[in-house]
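Participant: Prediction below, plus the sequence it came from.
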Amino acid sequence: MIPSSELILNPDGSIYHLNLLPDHISDTILTVGDPARVAQVSRHFDSVEFEGSHREFVTHVGYYRGKRLTVLSTGMGTDNIDIVMNELDALVNIDFMARTVRPAEERLSLRIIRLGTSGSLQADVPIGSMLATEHAVGLDSLMQFYPLMETGLETEIATELQQTLALPFAPYVVRGSDLLREQLGAGMIMGNTLTCPGFYGPQGRRLRLDLRQPDYIARLQNFRHQSAEGEFRLSNFEMETAGYYALGRLLGHEVLSLNAIVANRATGEFAENAAAVVDAMIEQTLQRL
């Protein structure tokens, strides 16, 4: 049995942070960072059967063209993604009454699609575009605590990027769901996303504080790794995708990050109407599910 200190349930039997019961989620889950964006997605539903909220985690469950969907806000950062992914998995793969992991043949694989905003690192990834993440690169420390297995290519990229950025640790690199990317990413830019543990310094922004590496953004923009699969470069950055991809691999879920590009760090531009870019991505994704 999993002790009550590890699998924490609320008095109504719901999972601790998300405050959800197993019946409250579907097998396809759309995630957004901003709690206000949940309604921006669910307003397209034909009907909504459940609404719940706890802290920054807002959940709507409903139907779109006959398909049952869940929309969930996560807040920002891979620390929150650690909570979200583990608790979503618990809802489908742990028996709360017995406090035991379900047998392998009974475990479910969720389809989790992140709908988020992102900043471009490259001039040819313009604001207003949509990008589907192939590989995610994590600069955060989350995978120091889990036994993530990386492919040879992923390890090569991580080692080379560590040297390029003069980091005291190796980043982690994870490929997302090919299945979901083929279904939802048609017509989008295919890119590799850097997940940063902050919005300012870790993404090379300077207000009053200087950066330890003044040429940090240039190092990211110019990073290239050559392999038999072609050239790898970093296309954009945000704060969650690598956590999603790594935990998705570890837990056996299909995960894809879709990014509305609202800033371009190469050109210094920010979208005049970022909400319209996000709306277009939401509508396109729903139509393709």
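Facilitator: Received, thanks. Numbers count the residues shown, from 1 in each chain.

Participant: Not counting residues beside it along the chain, what's closest to Leu250?
Facilitator: Leaving aside its sequence neighbours, Leu250 sits nearest to Tyr146 (Cβ to Cβ, 6 or more residues apart in numbering; 5.9 Å). Placement of C-beta: from N, CA and C, glycine included.

Participant: Show the contacting residues for the one you found.
Facilitator: By Cβ atoms under 8 Å, 6 or more residues apart in numbering, the residues touching Tyr146 are Ala246, Leu247, Leu250.

Participant: so it sits in a helix?
Facilitator: No - if the criterion is DSSP: H, G, I helix; E, B strand; the rest coil, then Tyr146 is coil and not within a helix.

Participant: From Leu20, how far out is it?
Facilitator: 23 Å (Cβ to Cβ, to the nearest Å).

Participant: now do Pro202
Facilitator: Distance from Pro202 to Leu20, by Cβ to Cβ: 31 Å.

Participant: for Ala275, same thing?
Facilitator: In this view, Ala275 and Leu20 are 27 Å apart by Cβ to Cβ.

Participant: which one of these two has more residues nearby?
Facilitator: Per other Cβ atoms under 10 Å, whichever of Ala275 and Leu20 has more neighbours is Leu20, with 24 against 13.

Participant: That one contacts Leu91, doesn't it?
Facilitator: Yes - between Leu20 and Leu91 a contact is recorded at 6.2 Å, counting by Cβ atoms under 8 Å.

Participant: Which pLDDT value goes with the most centrally placed residue in the chain?
Facilitator: Computing the C-alpha centroid of the chain and ranking residues by Cα atoms, centre = their mean puts Thr241 first, at 3.3 Å. Per-residue pLDDT puts Thr241 at 98.

Participant: again with the one 10 residues further on
Facilitator: The predicted local distance difference test score for Leu251 is 98.

Participant: phi, psi of it?
Facilitator: phi -100, psi -10 (degrees, to the nearest 10).

Participant: Let me see the ranges of the strands in the stretch 101-250 of the chain.
Facilitator: Assigned by DSSP state E, counting those that start in this stretch, the stretch 101-250 of the chain shows strands spanning 111-120, 130-138, 172-175, 189-195, 225-227, 230-232, 236-238.

Participant: Mind putting the ones you listed into CSV with distance to Val101?
Facilitator: Formatted as CSV, the strands of the stretch 101-250 of the chain follow (distance: least, Cβ to Cβ, whole Å):
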stretch, distance to Val101
strand 111-120, 19
strand 130-138, 26
strand 172-175, 23
strand 189-195, 28
strand 225-227, 37
strand 230-232, 36
strand 236-238, 31
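
Participant: Generate CSV for those, with mean pLDDT as supplementary columns.
Facilitator: As requested, the strands of the stretch 101-250 of the chain are exported to CSV (pLDDT from 0 to 100):
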stretch, mean pLDDT
strand 111-120, 97
strand 130-138, 98
strand 172-175, 98
strand 189-195, 98
strand 225-227, 94
strand 230-232, 96
strand 236-238, 97
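
Participant: I'd like those strands written out as a markdown table, with distance to Pro103 and mean neighbour count added.
Facilitator: Shown next, in a markdown table, are those (distance: least, Cβ to Cβ, whole Å; neighbours: other Cβ atoms under 10 Å):
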| stretch | distance to Pro103 | mean neighbour count |
| --- | --- | --- |
| strand 111-120 | 21 | 24 |
| strand 130-138 | 31 | 24 |
| strand 172-175 | 27 | 24 |
| strand 189-195 | 33 | 23 |
| strand 225-227 | 39 | 14 |
| strand 230-232 | 39 | 12 |
| strand 236-238 | 36 | 25 |
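
Participant: Looking at those, spot the one closest to Arg288.
Facilitator: Closest to Arg288 of the strands of the stretch 101-250 of the chain is strand 111-120 (Cβ to Cβ; 10.0 Å).

Participant: re earlier: name the nearest of the contacts of Tyr146 relative to Glu156.
Facilitator: Ala246 (17.1 Å).
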